[in-house]
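Chemist: kindly return the folded structure for what I paste below:
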Amino acid sequence: LGGVDPVFVVVMENIFRSPLKIHEKYDLKGSWVSRRNKKHATDRSVLGKDKDFTRKIKLPPSKARLLKIVIEKDCKFLESQKIMDYSVLLGIHEYGIQSTGPSHNDQDMIPLEPIKKRMDPKLEREYEQAKLQNRERVFQGAIISGDRTEIYFMAIIDILQEYNWSKKIERFIKIYINCNDRGGISVQPPAKYAAR
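Modeler: A predicted model of the protein is given here:
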């Protein structure tokens, strides 16, 4: 196409597409200035931000170590590309019952039958199709808590923002004109952003 600049499109999977209801949702950047959603206090299914996240996730030690390595590598790569302003998107399904069945050797699999009645009705048909294909025990990207009472869905999102002049000016305004805490604003140079 002569004279036409190429247009690039990024398509990402919806990590919350699951037969399970996502009870809590968070967009986490590691900053604290303007990082609260007042609606989250009364409805945890509304997307919360960093200051709304007052709980801990209960990962088994082996999964916590692996997740830390993956996030560090991803952040290092984004830093090398001069990218910032990305977030960890976290969804939490409260399984609500302690597993009494056999151990799955810390694998990311759980039986769905006990929680089928708590599924989002719109996705029940998808569950039935997965069951027919013997895939009902697999959740893409899901991590089960160490006590098997919660399921976490996580991804790094919003990975397209470069630390350019526009972001440098935004940082200047937030620090020197709005008098915000320089460490608490979300606009940070890529190295600081990745470290946080």
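
Chemist: which strands and helices lie in contact with the lengthiest helix in the chain?
Modeler: Counting by DSSP state H, the longest helix found in the chain is helix 61-80. Applying 3 or more CB pairs under 8 Å, 6 or more residues apart in numbering; DSSP states H and E, one finds that helix 61-80 contacts strand 150-157, helix 190-195. Just so you know, the C-beta spots here come from the backbone N, C-alpha and C atoms, and that holds for glycine as well.

Chemist: return the set of buried residues in the first one.
Modeler: Applying a neighbour-count criterion of 16 or more other CB atoms under 10 Å, the buried positions in strand 150-157 are 150, 151, 152, 153, 154, 155.

Chemist: what's the answer for the last one, then?
Modeler: Residues of helix 190-195 classed as buried under the neighbour-count rule (16+ other CB under 10 Å) are 190, 193, 194.

Chemist: between those residues, which is nearest residue 24?
Modeler: The closest of those to residue 24 turns out to be residue 193 (CB to CB; 24.4 Å).

Chemist: who touches the nearest residue to the closest one once chain neighbours are set aside in this structure?
Modeler: With CB to CB, 6 or more residues apart in numbering as the criterion, residue 193 has its nearest non-adjacent residue at 4.1 Å, and that residue is residue 84. Contact analysis of residue 84 by CB atoms under 8 Å, 6 or more residues apart in numbering lists 78, 161, 162, 163, 167, 187, 188, 189, 190, 193.

Chemist: ok, residue 193 to residue 65 distance?
Modeler: 23 Å (CB to CB, to the nearest Å).

Chemist: got a list of what residue 158 touches?
Modeler: When contacts are counted by CB under 8 Å, 6+ apart, residue 158 touches 85, 86, 87.

Chemist: in strands only, show me these.
Modeler: When DSSP state E defines the strands, the subset of the contacts of residue 158 inside them is residue 87.

Chemist: so which bits of stretch 46-57 are buried?
Modeler: Going by neighbour count (16+ other CB under 10 Å), the buried part of stretch 46-57 is 48, 49, 50, 52, 53, 57.

Chemist: surely the third one touches residue 31?
Modeler: Yes. Shown here, residue 50 and residue 31 form a contact pair, counting by CB atoms under 8 Å, at 6.1 Å.

Chemist: bridged to the residue nearest to the spatial centre of the chain, which residues?
Modeler: Centroid-nearest residue in the chain: residue 89, 2.0 Å away (criterion: CA atoms, centre = their mean). Under the criterion DSSP bridges, residue 89 forms beta bridges with residue 27, residue 155.

Chemist: pLDDT weak spots in this structure?
Modeler: Residue ranges of the chain with pLDDT under 70: 1, 96-141.

Chemist: tell me how many other residues crowd residue 178.
Modeler: Counted with other CB atoms under 10 Å, the neighbours of residue 178 add up to 11.

Chemist: sorry, that was for residue 36
Modeler: The number of residues packed near residue 36 is 15, by other CB under 10 Å.
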